[in-house]
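S.K.: generate a structure from the sequence data that follows.
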Amino acid sequence: MALHLSAETVAPRAAAPQKYLFGPVADFLMLGGSAFLILPFLFLVPLEYEGAVAATMVFVAYVINYPHFAHSYQLFYRNFGRKVSGDGYDRGLQFRYIFAGIVVPVIMGAFFAYGAAAANARLLGYATNAMFFFVGWHYVKQGYGMLMVDAVLKRKFFDDRDKKVLLVNSYAVWILAWLQTNTAVTQGKYYGLEYYTFAAPSWIINIVLLLATASTAATGLMLVDRWRKNGGNLPYNGVVAYVASLYLWILIARINPLWLLVVPALHSLQYLAVVWRYQTNVERDDPGAVGDPPLKLLAFLGPLYRLRVLGFIVGGAALGYLGFWLIPFVLTALIPYDKQVLGSSLFFFIVLIFINVHHYFLDNVMWRRGNPEVSKYLFR
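M.R.: Here you go, the predicted structure:
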């Protein structure tokens, strides 16, 4: 999620600001603050309990991660015909919806179909490295987006120069982290398929390290300057989200094996904070949803719109299970392929790579300036 929104576009100065998505503590924990609490704890876990902690974290990651991916599909393809026809959307955004919603999945589908039919394990393995590339890009852009969201909510805006500093730093840290995983030609396994890294020249890594260090320092100085201009205040939850996304979830993700299992859940939780708030505002906008639910048994939930939001969340969980487990399980049972070459989990591998990469393209369209739905509902 990378929000390219101007404050004037989404939150006119005459409008009363909404200061939090859910509240000061909830926003801190969901947007990234929980990372600073969990990471030190992982270093204190006794060796004999690491297996249990790892299993728990994998389960939690899946429970949170699957709906996070599914929600992007629920939002992106809702009223998709209107979006691709340009009804209420400008021409540039219309083309972006067509490209991300139709062209990208067709291209990826053809790639995986050819790789599987040709039993080309090396070709499919390169998709894993591509996934790591796009996932890192997505993480840092979402961290930047969260900072912009909190800045608008708190009325503590960044000017264009500030935003450029933040973005340059985001990309520098992301590239450095990705190059660190490609310091040599190595071979690994992902869902039974081998994937490959390449040998990035040390001089390139050193240049990017210097750039990341300089941009981090520039970002720190910019935040201090912005703090002074804001009268000793900043959108602190957004800053926490930005720092956690870049440095804890990307740059030092490999500092602890357990941490690698926790990071996807924390990233997903950050995403869910915004999506759930957005969907709540969508449902609340319906005049018929402010009354009580039709069944008195559900009256404890409050107005009808809350029941609809709950249905959206449950639907995301079901869609996530369908996409990540049921569909690849059925495909594995029905479609024959060379298991000796491609392993026994080919379709689980394909689905996971497909959704992770496609998710980046979907979010890059939805959460940007000019999207009328985001402008209308996100900051209410």
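
S.K.: switch to C-alpha atoms for all contacts and neighbour counts from now on
M.R.: Fine.

S.K.: run a quick neighbour tally on Leu326.
M.R.: 14 (other C-alpha atoms under 10 Å).

S.K.: likewise Gly288?
M.R.: When neighbours are counted by other C-alpha under 10 Å, Gly288 registers 12.

S.K.: going forward, begin numbering at 553 instead of 1
M.R.: Yes, from this point I'll number from 553; that puts the last item at Gly840.

S.K.: doesn't it belong to a helix?
M.R.: Yes - assignment of Gly840 by DSSP: H, G, I helix; E, B strand; the rest coil places it within a helix.

S.K.: and it, how far from Tyr857?
M.R.: 9 Å (C-alpha to C-alpha, to the nearest Å).

S.K.: what do you get for Arg932?
M.R.: 15 Å.

S.K.: higher neighbour count, the two?
M.R.: Neighbours per residue, other C-alpha under 10 Å: of Arg932 and Tyr857, the larger number sits with Tyr857, 25 against 19.

S.K.: now stretch 858-872: mean pLDDT?
M.R.: The pLDDT scores in stretch 858-872 average 91.

S.K.: residue ranges with poor pLDDT in the stretch 703-852 of the chain?
M.R.: Regions of the stretch 703-852 of the chain meeting the criterion pLDDT under 70 cover residues 735-750, 841-852.

S.K.: switch the cut-off to 90
M.R.: Within the stretch 703-852 of the chain, the segments meeting pLDDT under 90 span 730-755, 757, 783, 805-810, 812-813, 835-852.

S.K.: tell me where it has strands.
M.R.: 739-742, 745-748 (DSSP state E, counting those that start in this stretch).

S.K.: following element in sequence after the helix or strand harbouring Leu862, please.
M.R.: Secondary structure assignment for Leu862, by DSSP states H and E: helix 856-873. Using DSSP H and E, the helix or strand that follows helix 856-873 towards the C-terminus is helix 879-886.

S.K.: so which elements touch the very next helix or strand once past that following helix?
M.R.: Using DSSP H and E, the helix or strand that follows helix 879-886 in sequence is helix 891-894. For helix 891-894, there is no helix or strand it packs on, judged by 3 or more C-alpha pairs under 8 Å, 6 or more residues apart in numbering; DSSP states H and E.

S.K.: just the CA coordinates of helix 891-894, formatted as CSV?
M.R.: Provided in CSV are the C-alpha atoms of helix 891-894 (Å, rounded to 0.1, in the frame of the first residue of the first chain):
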residue,chain,number,x,y,z
LYS,A,891,6.6,-34.5,-9.7
GLN,A,892,10.1,-35.9,-9.9
VAL,A,893,11.3,-32.6,-11.4
LEU,A,894,8.9,-30.1,-9.9
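
S.K.: can you list contacts of whichever helix or strand comes after that helix?
M.R.: Remark: after helix 891-894, the chain's next helix or strand is helix 898-918, criterion DSSP H and E. Applying C-alpha atoms under 8 Å, 6 or more residues apart in numbering, the contact partners of helix 898-918 are 553-554, 621, 624-625, 628, 645, 648-649, 652-653, 656-657, 660, 664, 679-680, 683, 686-687, 690, 742-745, 875-877, 880-881, 883-884, 926.

S.K.: for Phe588, give me its contacts.
M.R.: Contact analysis of Phe588 by C-alpha under 8 Å, 6+ apart lists Ala796.

S.K.: same check on Leu803?
M.R.: Val725, Trp726, Leu728, Ala729.

S.K.: rerun at 6 Å
M.R.: Ala729 (C-alpha atoms under 6 Å, 6 or more residues apart in numbering).

S.K.: from Val795, how far out is it?
M.R.: Applying C-alpha to C-alpha to Leu803 and Val795 gives a distance of 10 Å.

S.K.: same question for Ala764.
M.R.: In this view, Ala764 and Val795 are 13 Å apart by C-alpha to C-alpha.

S.K.: Ala673 now?
M.R.: Ala673 sits at a distance of 37 Å from Val795 (criterion: C-alpha to C-alpha).

S.K.: likewise Val909?
M.R.: Applying C-alpha to C-alpha, the value for Val909 to Val795 is 23 Å.

S.K.: so what secondary structure elements neighbour the lengthiest helix in the chain?
M.R.: Counting residues, the longest helix found in the chain (DSSP state H) is helix 673-706. The helices and strands touching helix 673-706, judged by 3 or more C-alpha pairs under 6 Å, 6 or more residues apart in numbering; DSSP states H and E, are strand 745-748, helix 788-795.

S.K.: buried stuff in the last one?
M.R.: Read it as helix 788-795. For helix 788-795, burial by neighbour count (16 or more other C-alpha atoms under 10 Å) applies to Tyr788, Asn789, Gly790, Val791, Val792, Ala793, Tyr794, Val795.

S.K.: and those, which is closest to Ala869?
M.R.: Using C-alpha to C-alpha, the shortest approach to Ala869 within these belongs to Ala793, at 24.3 Å.

S.K.: hmm, Met582 and the closest one touching each other?
M.R.: No - using C-alpha atoms under 6 Å, Ala793 is not in contact with Met582; the gap is 8.7 Å.

S.K.: that'll do, ta.
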